[in-house]
Each structure stands twice: as C-alpha cells, then as structure tokens.
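S.K.: The sequence isn't on hand, but the structure is:
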C-alpha cells in the first residue's frame, strides 16, 4: 500500500492497493518525488509486546496506530492499557496478562508477523490462549524453543495452545527465522536467568538497533558476535 502511494506520487496510476486486486495503468514516465515511508508496524508491535511481557510502560513515537489496530485490540484484551495519539502509542502492562485467542488474517486482520511475538508473551499469561496461523505454514518453529525454556505449548496442525506458566528458565536457544528470533529475545527478557539466542542474523535483518532500543527501556541485553545475551 505504501509502495503504491509512493509510485503514485511519482506519476504512476496504481489503484486498489490494500485490497485483493490491484489495477495498474501504464504511464510514459515517472517523475522525481519526495516521500516519507510509513513506520514499521511490526517493530512497533515488538517493542509494545516486550513491555507487555516484562512489565512497565512505554510510549512509541513516530508510528501509525491505524496500521496496528488489531494488535492493539489484542493488547487491550490481555489487560494492557492503551493510549493512542496521532503518531504515538502508549502501553501500560497489567500485573498479569490475560489469556486471549488469536487468528492471523490478511491486512487489516491480525498480522502473521506478530504471531510469534504475541506467542512469546502469552506463555506467562493466566489461563489457556490459542493462536491459529492462517497465512503461512511452518511458522511455529519458535514454539519448541520456548518449550525448552519451560513454556507449556501444544501444537495441533495450524493451532498452538498455550497454558501460562509462572516462570521461564534461561536457556541457549536457536533463532530459526526473523520474527521467531525476536520472540525468543522477548522470552529471554521474561526469564529469570541468562538466555542466549543464536543465529541472530535473522533478527538483525529485520530490526534496526533492537538491542539499543530495548536497553533504553531497561533491558539487560548485549550482542556478542553471533549471539544475543
């Protein structure tokens, strides 16, 4: 959708962006433009989830709440207090997260890229949560690593059942994809011991200075060559 807006600002004729059908009319040439790209909604959601899981409060600036409404609604269901302004989102975590049910859907539904992130914080929520993945297959690779940390997770085809636990153990875990790796980092922050996440090249590919941003919130996190500690 953002790409279509940028192209149209250059003289293109692209219609239907954000829907299931896009129509493009050819033009003779494109002209130069200045365009501000949209914020990364998944990075915003990751920061909010980290604070929701560990506790405390945060305000994320220079973001677009409109692109993250289904995720913000899920945070509210979990007991978080959410405040939205034009380009800011504030979140205050409850003492204990509540269980919820999530189903991924195409935009504007719940984004599949946020599925592992939310899975990581639901492992300490009260009660039983479910996550149904309707977009991509084989996107639960992170779950077996969370189980090694003490999470109570059962997979049944495209659904995860997560029963909240009181504490997590720090372990050496393996990042197997971008969002799953970020989920393991958050789980490490929620554990009571040191967690080492290997294969962080996946994480670094999709997040800019994630460790610095988490440190600014009080996280004890450090990148050591090929590991996050």
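M.R.: Noted; the coordinates are in hand. This is a predicted model, so every value here is computed, not measured.

S.K.: switch to C-alpha atoms for all contacts and neighbour counts from now on
M.R.: Noted.

S.K.: Can you tell me how far residue 54 is from residue 38?
M.R.: Computed as Cα to Cα, to the nearest Å, the residue 54 to residue 38 distance reads 28 Å.

S.K.: Looking at those two now, which is surrounded by more residues?
M.R.: residue 54 (21 against 13; other Cα atoms under 10 Å).

S.K.: Just the pLDDT at that one, thanks.
M.R.: As predicted, residue 54 sits at a pLDDT of 96.

S.K.: Check residue 87 too.
M.R.: Value for residue 87, per-residue pLDDT: 93.

S.K.: same check, this time on the one 5 residues further on
M.R.: The pLDDT attached to residue 92 in the predicted structure is 98.

S.K.: bridging residues for it?
M.R.: For residue 92, the beta-bridge partners are residue 57, residue 81 (DSSP bridges).

S.K.: Now for residue 8, how many residues are close by?
M.R.: Residue 8 has 16 nearby residues by other Cα under 10 Å.

S.K.: er, residue 14 I mean
M.R.: Neighbours around residue 14, by other Cα under 10 Å: 18.

S.K.: What lies in contact with the helix or strand encompassing it?
M.R.: Element membership for residue 14, per DSSP states H and E: strand 13-15. By Cα atoms under 8 Å, 6 or more residues apart in numbering, the residues outside strand 13-15 that reach it are 4, 7, 8, 22, 23, 24, 25, 26, 27.

S.K.: try it again with 10 Å
M.R.: Strand 13-15 is contacted from outside by 1, 3-8, 21-27, using Cα atoms under 10 Å, 6 or more residues apart in numbering.

S.K.: Now do that strand: distance to the chain's middle.
M.R.: Taking Cα atoms, centre = their mean, to the nearest Å, one finds strand 13-15 lying 30 Å from the centre of the chain it belongs to.

S.K.: repeat for stretch 213-229
M.R.: For stretch 213-229, the distance to the chain centre is 17 Å (Cα atoms, centre = their mean).

S.K.: which residues in the protein form helices?
M.R.: Applying DSSP state H to the chain gives helices spanning 2-9, 41-54, 69-77, 115-122, 141-148, 178-190, 201-206, 210-215.

S.K.: can you list the ones you listed in CSV and add distance to residue 158?
M.R.: Shown next, in CSV, are these (distance: least, Cα to Cα, whole Å):
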stretch, distance to residue 158
helix 2-9, 30
helix 41-54, 21
helix 69-77, 20
helix 115-122, 12
helix 141-148, 12
helix 178-190, 16
helix 201-206, 23
helix 210-215, 29
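
S.K.: Figure out which of these is closest to residue 164.
M.R.: helix 115-122 (6.6 Å; Cα to Cα).

S.K.: tell me the average confidence for the closest one?
M.R.: 98.

S.K.: And the residue lying farthest from the centre of the chain, how far from residue 12?
M.R.: Going by Cα atoms, centre = their mean, the residue of the chain most distant from its centre is residue 28, 40.1 Å out. Distance of residue 28 to residue 12, computed by Cα to Cα: 9 Å.

S.K.: thinking again about what came up before, among the helices of the chain, which is nearest residue 163?
M.R.: Once the helices of the chain are compared by Cα to Cα, helix 115-122 is nearest, at 8.0 Å.
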